[in-house]
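J.: Just need the structure, nothing else, for what follows:
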Amino acid sequence: MSREDNNNAISGVLVVDKPTGMTSHDVVNIVRRGTGIRRAGHTGTLDPRASGVLVILVGPAVRLSEYISASDKRYQAILRLGTATDTYDAEGAFTREEVVVEVTEEEFEVELKKFEGDIEQVPPAYSAVKVKGRKAYEMARKGEEVELEPRLIHVHHLEVLEWANPEVVVDVHCSSGTYIRSLANDLGEVLGCGAYLVGLRRTKNGRFSLRDAVPLRKLREAFDAGDWYQYVIPAAESLTEWPAIELDPDQVEQVRHGHRVPADPDIDPETMVRGVSEAGELVALLKIEEGESGGLEWQPKKVFFTS
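T.: Presented below is the predicted three-dimensional model:
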């Protein structure tokens, strides 16, 4: 078996601590070159100015992307109060005169807490959201008016980590699809002094946190040394919040060919589970469906174990 064939048999997760100054796609390309695996992709873009947890799936595990991408995220955001920009971050042009911030930490926290829960949020005009097939930021750069529809997001928790007026560091635990830049801008509006994002670090993506992440510099060294495999997290561990059922060898054989196997009637039929082999490998994602004989069966929805 060639090196490429051997590498392409790998299915798992690389959690990278992305540095500022490069795109998420840049990191994916570094992983592709370093591993020799063409099938690789990230599960949630981090802006070039942002750092932190970037989950990269390699091999057949890329098919888990839609599930991990939808996972909650956590960030440490640095906001600057007193003015605002058209991009809602430090890259944009100022849209209002800078003012002395007279807001106290206590007043800030009161308004901050109002953004917890289900809220409607309008994405920034300078974002990759598409309007009639065109990216919003391309329209905004040309001076065209961009009207984006509000989206329902969920903010689980907001907490002030550091208050150093006019800058404040906030811990943000939110649903996928939340724009921290918009959160900063909206907060500035309700405070009346303006605010924009000056720094962002993702500390968690789904079950993966900075504790699981390897700095990109260290990963590159491992590519050169040929021992990067040590950082691969098995695909079966990527959705640990999902229930798991163990499949015996006969069931593994059936499921990997798309066939159903008997299901436990005590499990909620709406629940999706991980089907794992006795060796702990992720075989498939399964969901309960009614069989022809009336009994309940596990229907493979996505199969990963094919060898």
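
J.: which residues does the residue lying closest to Val122 once chain neighbours are set aside contact?
T.: The shortest distance from Val122 to any non-neighbouring residue, by CB to CB, 6 or more residues apart in numbering, is to Pro150 (4.9 Å). Heads up, the C-betas are built off the backbone N, CA and C, glycines and all. Shown here is Pro150, whose contacts under the criterion CB atoms under 8 Å, 6 or more residues apart in numbering are 120-122.

J.: Show me the beta-bridge partners of the nearest residue to Tyr231 once chain neighbours are set aside.
T.: If the residues on either side of it in the chain are set aside, Tyr231 comes closest to Val214, at 4.9 Å by CB to CB, 6+ apart. Val214 forms beta bridges with Val16, as assigned by DSSP bridges.

J.: Now that Val214 has come up, it's in contact with Pro19, right?
T.: No. With contacts counted by CB atoms under 8 Å, Val214 stays clear of Pro19, the gap being 12.0 Å.

J.: neighbour count winner among these two?
T.: Under the neighbour definition other CB atoms under 10 Å, Val214 and Pro19 were set side by side, and Val214 has more, 17 against 14.

J.: For the residue nearest to Tyr231, give me its contacts.
T.: Contact analysis of Val214 by CB under 8 Å, 6+ apart lists 14-17, 222, 231.

J.: ok, now Trp242?
T.: By CB under 8 Å, 6+ apart, Trp242 lies in contact with 272-274.

J.: Below-threshold pLDDT in the stretch 201-307 of the chain: ranges please.
T.: Counting by pLDDT under 70, the stretch 201-307 of the chain contains low-confidence ranges at 305-307.

J.: how about the helices in it?
T.: Assigned helices in the stretch 201-307 of the chain, in chain order: 216-225, 249-256 (criterion: DSSP state H, counting those that start in this stretch).

J.: Buried residues, the first one. List them.
T.: In this case it means helix 216-225. Going by neighbour count (16 or more other CB atoms under 10 Å), the buried part of helix 216-225 is 216, 219-220, 222.

J.: Same check on stretch 228-239?
T.: 228, 231-233, 235-239.

J.: Surely His154 forms part of a strand?
T.: Yes. Secondary structure assignment places His154 in a strand (DSSP: H, G, I helix; E, B strand; the rest coil).

J.: what's the distance between it and Glu270?
T.: Here the criterion is CB to CB, to the nearest Å. By it, His154 lies 20 Å from Glu270.

J.: So for those two, which residue has more residues nearby?
T.: Summary of the neighbour comparison: His154 and Glu270, criterion other CB under 10 Å, with His154 having more neighbours (15 against 7).
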